[in-house]
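Undergrad: I would like the atomic coordinates for the input below:
(one chain, ligands or ions: 1)
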Amino acid sequence: MQVLVVGAGVIGLAIARAAALAGHDVTVAEMTGGIANGVSSRNSEVIHGGLYYPTNSLRARHCVRGRRMLYEFCTSHGVAHRKCGKLVVATNDAELAKVETILAQANANGVEGMEMIGGNAARAMEAALSCIGALWSPETGIIDSHDYMRALWGELEDRGGMIAFQTPVERISYQAPHWHVRFGGSDPGVIEFDAVVNSAGLGAQALARRIEGYPADKVPRLVLGKGNYFGFAGRPAFSRLIYPTPTDGGLGVHVTLDLAGRIRFGPDVEWISAENYAVDPRRAESFYARIRSYWPDLPDGSLVPDYAGIRPKLTGPGEPAADFMIAGPSDHGLPRLVNLFGIESPGLTSSLSIAEDVVNYLT
Ligand SMILES: Cc1cc2nc3c(=O)[nH]c(=O)nc-3n(C[C@H](O)[C@H](O)[C@H](O)COP(=O)(O)OP(=O)(O)OC[C@H]3O[C@@H](n4cnc5c(N)ncnc54)[C@H](O)[C@@H]3O)c2cc1C
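TA: The predicted structure is shown next:
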């Protein structure tokens, strides 16, 4: 089949590669000038274990399966990564009870090696920590996500696929037996495809509304959950990922590591109505308070505004977190079309697993 994948983020690239490996003729249309210019370049680069998500949700299934696939991919393709593990820390009894429910959920999700440890054992691993207990997740890790996305792109091209940059998809209509896709950009025109995948990230809803005949009530609302990060101007105090007990909308202001061992803090959750990526330095105040609950020695003046990412959420403040929405022909009634909505965290970890399912929906 001639397959069009819209969006060259980690999800589109993983799907395009999987479709090319399955023998399809694949084109990726990306409206910007390069890969990973959207959500995929502004995240924590954590390979998640799959602890938190409700049993049988798509997030649980794709995160756990995708994580195993991703470690294998990194090893076989030489992608830089480190299985450093993570501690979810509890600083009081209420948090300890919550962390224990996360352990039960992680076990239900089939996450390997999970273990509750006491405060002393946690401090033996990370001396700077203050906590009364912690959940240890040895399978969690970090990845150079750009290295990973370049490897996906390379394999796509090895299989004859290509990416058209500066190529926004403007309109899509089905005229049996083909999808007619109108492109904008400097070389506009209409091209026919057998199958279309909408993995446009923050643009997925807008694009779905421009698919003729796509049921309007099947396009979910888009809620923007901005996540701000602060860098740390000091000697790294941790060598593992440190997460507090989760908060509404996110996993709490956590310690993230990069492969060079530097640490940064974030992301928080800021509900916004229009895309913007500026980090307000005043947000540092709340970061100090939250980080010092588990790292009391965080020095004054050590946090510097770094970057922000935006989660393409389907639900807003106070509402239960939504699952990924992967809408195939049986959901919307149109042939060989898949729309992906709400692919926020753990989308990077889940990418190879999601890709395998999407390619199966197309046939
Ligand atoms: C703050 C934050 C932290 C996160 N941390 C993690 C983490 O640690 N681990 C993890 O597993 N996941 C994490 N995630 C989730 C992960 O980053 C996302 O799930 C993933 O990057 C989504 O990728 P995507 O390809 O769907 O979207 P994108 O990367 O945004 O790609 C979509 C692409 O589509 C293009 N596009 C849009 N409309 C059109 C159009 N009409 N025509 C052509 N092109 C178009 C855009 O330019 C863009 O390049 C995090 C997310 C955020 C926001």
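
Undergrad: close to the ligand: what parts of the stretch 151-300 of the chain are there?
TA: Applying C-beta under 6 Å from any ligand atom, we find that the stretch 151-300 of the chain lies next to the ligand at P168, V169, S199, A200, G201, L202, G203, L207, G227, P267. All C-beta spots, glycine's among them, are computed from the backbone N, C-alpha and C.

Undergrad: my read: the second one touches V181, true?
TA: Same thing as V169. Yes. Using C-beta atoms under 8 Å, V169 is in contact with V181, at 6.0 Å.

Undergrad: for this protein, just list every one of the helices.
TA: Applying DSSP state H to the chain gives helices spanning 10-21, 58-77, 93-108, 119-125, 145-158, 204-208, 284-292, 329-332, 347-362.

Undergrad: can you tell me which of those helices the model trusts least?
TA: Of all those, helix 284-292 carries the lowest average pLDDT, namely a mean of 92.

Undergrad: any idea how far that helix is from the chain center?
TA: Its chain's C-alpha centre and that of helix 284-292 lie 24 Å apart, by C-alpha atoms, centre = their mean, to the nearest Å.

Undergrad: elements contacting that helix?
TA: Here helix 284-292 touches strand 263-266, strand 303-313, going by 3 or more C-beta pairs under 8 Å, 6 or more residues apart in numbering; DSSP states H and E.

Undergrad: can you tell me the closest non-neighbouring residue to the closest residue to the ligand within the stretch 201-350 of the chain?
TA: The stretch 201-350 of the chain approaches the ligand most closely through G347 (1.9 Å), counting by C-beta to the nearest ligand atom. With sequence-adjacent residues excluded and distances taken as C-beta to C-beta, 6 or more residues apart in numbering, G347 is closest to I11, at 6.1 Å.

Undergrad: how close does the residue nearest to A208 when sequence neighbours are not counted sit to I117?
TA: Leaving aside its sequence neighbours, A208 sits nearest to V219 (C-beta to C-beta, 6+ apart; 4.7 Å). Counting by C-beta to C-beta, to the nearest Å, the gap from V219 to I117 is 45 Å.

Undergrad: mind checking which of these two has more residues around it?
TA: Higher neighbour count among V219 and I117: V219, with 20 against 16, using other C-beta atoms under 10 Å.

Undergrad: residues contacting the more buried one?
TA: V219 sits next to Q205, A208, R209, F341 when contact means C-beta atoms under 8 Å, 6 or more residues apart in numbering.

Undergrad: one more: S353?
TA: Counting by C-beta under 8 Å, 6+ apart, S353 makes contact with R61, H62, C63, R65, G66, M69.

Undergrad: grab the nearest non-local neighbour of the first one.
TA: When you say that, I think you mean R61. S353 (7.3 Å).

Undergrad: count of neighbours near the closest residue to R262 other than its chain neighbours?
TA: Spatially, and ignoring its direct neighbours in sequence, R262 is nearest to P236 (6.2 Å; C-beta to C-beta, 6+ apart). When neighbours are counted by other C-beta under 10 Å, P236 registers 15.

Undergrad: the one 4 residues further on now?
TA: In terms of burial, R240 registers 19 neighbours under the definition other C-beta under 10 Å.

Undergrad: in TSV, list the helices and strands packed on helix 284-292 along with mean neighbour count.
TA: Listed next are those as TSV, based on neighbours: other C-beta atoms under 10 Å:
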stretch	mean neighbour count
strand 263-266	22
strand 303-313	20
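
Undergrad: will you turn those into CSV that also has mean pLDDT and distance to Y174?
TA: Formatted as CSV, those follow (pLDDT from 0 to 100; distance: least, C-beta to C-beta, whole Å):
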stretch, mean pLDDT, distance to Y174
strand 263-266, 94, 42
strand 303-313, 97, 25
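
Undergrad: list the contacts of the closest residue to K86 other than its chain neighbours.
TA: Excluding its sequence neighbours, the residue lying closest to K86 (C-beta to C-beta, 6+ apart) is L241, at 3.6 Å. Contact partners of L241, counting by C-beta under 8 Å, 6+ apart, are V46, C84, G85, K86, L87, T140, I142, H254, V255, T256, L257.

Undergrad: distance of L241 relative to T140?
TA: To T140, L241 is 6 Å away according to C-beta to C-beta.

Undergrad: what of R209?
TA: 37 Å.

Undergrad: what does R240 give?
TA: Distance of R240 to T140, given as C-beta to C-beta: 9 Å.

Undergrad: to what extent is P317 buried, counted in neighbours?
TA: 11.

Undergrad: on that earlier part again, export the contacts of V219 to JSON lines and tack on distance to K313 and neighbour count?
TA: JSON lines is the format used below for those (distance: C-beta to C-beta, whole Å; neighbours: other C-beta atoms under 10 Å):
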{"residue": "Q205", "distance to K313": "11", "neighbour count": "18"}
{"residue": "A208", "distance to K313": "16", "neighbour count": "23"}
{"residue": "R209", "distance to K313": "18", "neighbour count": "10"}
{"residue": "F341", "distance to K313": "10", "neighbour count": "24"}
